[in-house]
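Participant: just coords:
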């Protein structure tokens, strides 16, 4: 059997590396037809100018002719066989591309520019295919090089494909009439809802009244100093959205692992102390409470990703997949400053955060869903004196003013009690209260919303009900569910959870105290 030989890659005129025996994707006849059509009709360039660039053409000669046409159009000069020939003559490359006779041949290949846009998109697709081959070939070559750092290789790969995908995101102009129809349809849908909300509800009544729910395509920044309850707030919302309104939620947690995040949800849902959950130090009635309350979360449409150092490129890919497979209605990112802009080559950290911010807004528009990104505040809050001075301001947003610029809404979480402020100006108690300050609202009102903060449960609640939303602690018939206190059994049963139900938790007999212990 003949030995297989390894031949060096062959270079084409468009700098595309291809294996011997394989032709790169191309459509030469269509390229000629497009060039001929551009020289036949004066307005033809407007149909393809935003689609094609010179390098999209496979043949070097065609690239030079299209570049000449592009130059004429940029000068507002007519584009025809004579002007293109003269432009090529002025640049000294007319004979190189085959002379005036070749230009004449191009115009003779088509009768009109009727299908020029369709043909241009075929050329664009062939160009994308060649670029994928080129990038993959370069990555493969470097992957075989033992001296090439693998982290650099991954960053470079991510960068190249990100730029390619960004260039492929083109959206046409839409006449206003169908947009008006869509807007009216949304208004009709909102009018038919009892709550009057047009967006994704948070489950917090006063907040939803001010926002009408989180709106599609909006990027919402929720910022606070550490220990204010950022994660608790968004997890409380995620729970409300998924369980009360059956809205699919994606949570990208860059700070906490999946298990930590779910443990916080379990603590909030079961109302059992976090320390007990962590150690498994539960008495018998607490195991039963855990078993019952956890049922609410089992099938909840909440999707969690704890990839550390998540890049914008990875977020976009994961989000598209989640939207396609699970029809997610909102994305939550905890938190923005822990993301990175790998492959975008930012000059500084501020530029990197700006790039991340802009791309999050772009992703919200692309997927047509709201994106909520948590953000840190700088230490300016700590340095200001007085009750009013402790309120966060837009200037306190950390690392980049672009966050404020790109966001459709900026909200702050403020807990006056944390700073020793226990009463407001009207003398109302602020103990156990958290304020959601809507500091910027591009399409609505600004103001403050008061919520109850339960630190021991790491959750926020509606202050008037003292619960997450309307369904907590209710059975299918809307009646309050109660469980008996079996605290006297703690010593006898210990902390073990023998098998007996869905979670291997104990089955306990009824107790005469059942009616005394509501959960």
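Facilitator: In hand now; what should we look at? It should be emphasised that the depicted structure is a prediction, and the values quoted were computed from it without experimental measurement. Numbering: from 1, shown residues only.

Participant: go ahead and confirm residue 254 touches residue 340.
Facilitator: No. Contact status for residue 254 versus residue 340: not in contact, 9.6 Å apart, counting by C-beta atoms under 8 Å. C-betas here are computed from N, CA, C, even on glycine.

Participant: which residues do the two both contact?
Facilitator: With contacts defined as C-beta atoms under 8 Å, 6 or more residues apart in numbering, the residues adjacent to both residue 254 and residue 340 are 309-310.

Participant: next, count neighbours for the closest residue in space to residue 227 that isn't next to it in sequence.
Facilitator: What sits nearest to residue 227 in space, not counting adjacent residues and going by C-beta to C-beta, 6 or more residues apart in numbering, is residue 418, at 6.9 Å. Look at residue 418: counted by other C-beta atoms under 10 Å, it has 16 neighbours.

Participant: now do residue 418, the pLDDT please.
Facilitator: In the predicted model, residue 418 carries a pLDDT score of 81.

Participant: pretty sure it sits in a helix.
Facilitator: Yes. The assignment for residue 418, made by DSSP: H, G, I helix; E, B strand; the rest coil, places it in a helix.

Participant: what's the neighbour count on residue 68?
Facilitator: Counted with other C-beta under 10 Å, the burial measure for residue 68 works out to 26 neighbours.

Participant: work out for me the element it sits within.
Facilitator: Using DSSP states H and E, residue 68 sits within helix 60-74.

Participant: helices or strands up against that helix?
Facilitator: Other helices and strands packing on helix 60-74, by 3 or more C-beta pairs under 8 Å, 6 or more residues apart in numbering; DSSP states H and E, are helix 28-40, helix 45-48, helix 81-90, helix 99-107.

Participant: again, only this time at 7 Å
Facilitator: Applying 3 or more C-beta pairs under 7 Å, 6 or more residues apart in numbering; DSSP states H and E, one finds that helix 60-74 contacts helix 28-40, helix 81-90.

Participant: quick one: low-confidence parts of the stretch 251-400 of the chain?
Facilitator: Residue ranges of the stretch 251-400 of the chain with pLDDT under 70: 342-347, 383, 386-387, 389, 398-400.

Participant: how about a cut-off of 80?
Facilitator: Low-confidence regions of the stretch 251-400 of the chain, defined here as pLDDT under 80, cover residues 271, 273-283, 296, 309, 313-314, 317, 335, 340-353, 378-390, 395-400.

Participant: show me where it has helices.
Facilitator: Across the stretch 251-400 of the chain, reading from the start of the chain, the helices by DSSP state H, counting those that start in this stretch fall at 258-270, 274-279, 284-298, 312-326, 349-367, 380-383, 386-389.

Participant: and residue 188, which of these is closest to it?
Facilitator: With distances scored as C-beta to C-beta, the stretch of the helices of the stretch 251-400 of the chain nearest to residue 188 is helix 349-367 (22.9 Å).

Participant: and the closest one, which residues are buried?
Facilitator: If you call a residue buried by 16 or more other C-beta atoms under 10 Å, then helix 349-367 has these buried ones: 352-364, 366-367.

Participant: hmm, back to that, want to try JSON lines for the helices and strands packed on helix 60-74, with mean neighbour count and distance to residue 376 as columns?
Facilitator: Rendered in JSON lines, the data for the helices and strands packed on helix 60-74 read as follows (neighbours: other C-beta atoms under 10 Å; distance: least, C-beta to C-beta, whole Å):
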{"stretch": "helix 28-40", "mean neighbour count": "22", "distance to residue 376": "51"}
{"stretch": "helix 81-90", "mean neighbour count": "17", "distance to residue 376": "55"}
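
Participant: can I get these in JSON lines with mean pLDDT?
Facilitator: Putting these into JSON lines (pLDDT from 0 to 100) gives the following:
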{"stretch": "helix 28-40", "mean pLDDT": "90"}
{"stretch": "helix 81-90", "mean pLDDT": "91"}
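
Participant: turn the ones you listed into TSV, columns for distance to residue 424.
Facilitator: Putting those into TSV (distance: least, C-beta to C-beta, whole Å) gives the following:
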stretch	distance to residue 424
helix 28-40	68
helix 81-90	72
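
Participant: quick check: which of those is nearest to residue 210?
Facilitator: helix 28-40 (52.4 Å).

Participant: packing partners of the closest one?
Facilitator: With contacts defined as 3+ C-beta pairs under 7 Å, 6+ apart, helix 28-40 has these neighbours: helix 60-74, helix 99-107, helix 116-144.

Participant: among these, which is the most enclosed?
Facilitator: Among those, the stretch with the highest mean neighbour count (mean count of other C-beta atoms under 10 Å) is helix 60-74, at a mean of 19.

Participant: any idea of the angle that helix forms with helix 28-40?
Facilitator: Per axes from the mean of the first three to the mean of the last three C-alpha atoms, to 10 degrees, the angle that helix 60-74 makes with helix 28-40 is 30 degrees.

Participant: circling back to that earlier point, of all the helices of the stretch 251-400 of the chain, which lies closest to residue 45?
Facilitator: Among the helices of the stretch 251-400 of the chain, helix 349-367 sits nearest to residue 45 (C-beta to C-beta), with 27.5 Å.

Participant: now do the closest one: distance to the chain's middle.
Facilitator: Centre-to-centre, helix 349-367 and its host chain are 9 Å apart (C-alpha atoms, centre = their mean, to the nearest Å).

Participant: do stretch 363-373 as well
Facilitator: Relative to the chain's own centre, stretch 363-373 is displaced by 6 Å; criterion: C-alpha atoms, centre = their mean.

Participant: residue 121 reaches residue 50, doesn't it?
Facilitator: No. Shown here, residue 121 and residue 50 do not form a contact pair, counting by C-beta atoms under 7 Å, at 11.2 Å.

Participant: how close does residue 37 sit to residue 55?
Facilitator: Separation of residue 37 from residue 55 (C-beta to C-beta, to the nearest Å) stands at 20 Å.

Participant: kindly report the same for residue 199.
Facilitator: Distance check for residue 199 against residue 55: by C-beta to C-beta, it reads 42 Å.

Participant: pick out whichever of those two has more residues nearby.
Facilitator: Here residue 199 and residue 55 are set side by side on neighbour count (other C-beta under 10 Å), and the busier one is residue 199, at 19 against 14.

Participant: ok, the more buried one - contacts?
Facilitator: For residue 199, the contact set (C-beta atoms under 7 Å, 6 or more residues apart in numbering) comprises 211-216, 370.

Participant: which residues touch residue 205?
Facilitator: If a contact means C-beta under 7 Å, 6+ apart, then residue 205 has residue 462 as its contacts.
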